[in-house]
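Student: give me a model of this one.
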Amino acid sequence: MPLDPLEASGTGSGARQTQQSNGRMLGKLVVIAVMMFGFGYALVPLYKEICELTGINVLSSKDGLTDGIGNTQIDKSRVITVEFDANAHGPWRFRPTVSSLTVHPGEMTQVIFEVVNTQKRTVDAQAIPSYAPQQAAAYFKKVECFCFRQQTLLPNEAKQMPVVFFIDPKLPRDVTTITLSYTFFEVAAPAKKAT
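Tutor: Next up is the predicted model:
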């Protein structure tokens, strides 16, 4: 029987051991890869279950369990009447689209003011808010307002400008009505530099 050249040199058993060792390592790596895939696949349902059990990061209701749960920062036990007023000092018509709203403290609300430039020239204008009673100013929180920046109105242009606000629930309980008044006035255009 002919001898294997590797066996004849005495290195055949070492090569077989290396092949067997490599085979075992490959098997272990395949098992680890399958386990990692399985863990990654199971992670999403596992995460959802943990979130439902702990009550965190719940994005959808299950079997109506979250019915009746809303924004807990809204004080539904109180109602505040917010009245809107507009004063125009300049060449335009300026008014709120509604004269008043009733809101709950903490509730995000939007109201629209309309302005029309009645001139045949471009006008730069700025709105300044005021509040009554004055103590309400600290509790009236505007998220978005046309009063935050200067407005440019083209000749005969009409604009609808939003005010997004909420009333801080810490508003004293004796305040049940707030008037938000804007005075819209023309701003002189900045002087052009001589060149």
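Student: hey, which helix is longest across this protein?
Tutor: helix 12-54 (DSSP state H).
Student: what's that one packed up against?
Tutor: Helices and strands touching helix 12-54, by 3 or more CB pairs under 8 Å, 6 or more residues apart in numbering; DSSP states H and E, are helix 5-9. Just so you know, the C-beta spots here come from the backbone N, C-alpha and C atoms, and that holds for glycine as well.
Student: report how many residues lie close to Val143.
Tutor: 12 (other CB atoms under 10 Å).
Student: the one 3 residues further on too?
Tutor: As a burial measure, Phe146 scores 21 neighbours (other CB under 10 Å).
Student: skipping adjacent residues, who's closest to it in space?
Tutor: When the adjacent residues along the chain are set aside, Phe146 lies closest to Met161, with 3.6 Å between them (CB to CB, 6 or more residues apart in numbering).
Student: where's that neighbour, which helix or strand?
Tutor: Counting by DSSP states H and E, the element that carries Met161 is strand 158-167.
Student: quick one: buried residues of the helix or strand following the longest helix of the chain?
Tutor: Next helix or strand after helix 12-54 toward the C-terminus (DSSP H and E): strand 80-89. Of all the residues in strand 80-89, those buried under the rule 16 or more other CB atoms under 10 Å are Ile80, Val82, Phe84, Ala86, Ala88.
Student: quick one: those as TSV, columns for distance to Phe146 and pLDDT too.
Tutor: Below are those laid out as TSV (distance: CB to CB, whole Å; pLDDT from 0 to 100):
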residue	distance to Phe146	pLDDT
Ile80	22	93
Val82	17	94
Phe84	13	93
Ala86	11	91
Ala88	14	82
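Student: distance of the residue nearest to Phe146 from Thr118?
Tutor: 17 Å (CB to CB, to the nearest Å).
Student: the two: who's more crowded?
Tutor: Per other CB under 10 Å, whichever of Met161 and Thr118 has more neighbours is Met161, with 18 against 15.
Student: who's the more buried one bridged to?
Tutor: Phe113 (DSSP bridges).
Student: state the distance from the residue positioned nearest the centre of the chain to Leu43.
Tutor: Geometric centre of the chain, nearest residue: Val143, 11.3 Å, by CA atoms, centre = their mean. The gap separating Val143 from Leu43 is 37 Å, by CB to CB.
Student: show me the domain layout of the chain.
Tutor: 5-54, 80-186 (automatic domain parsing).
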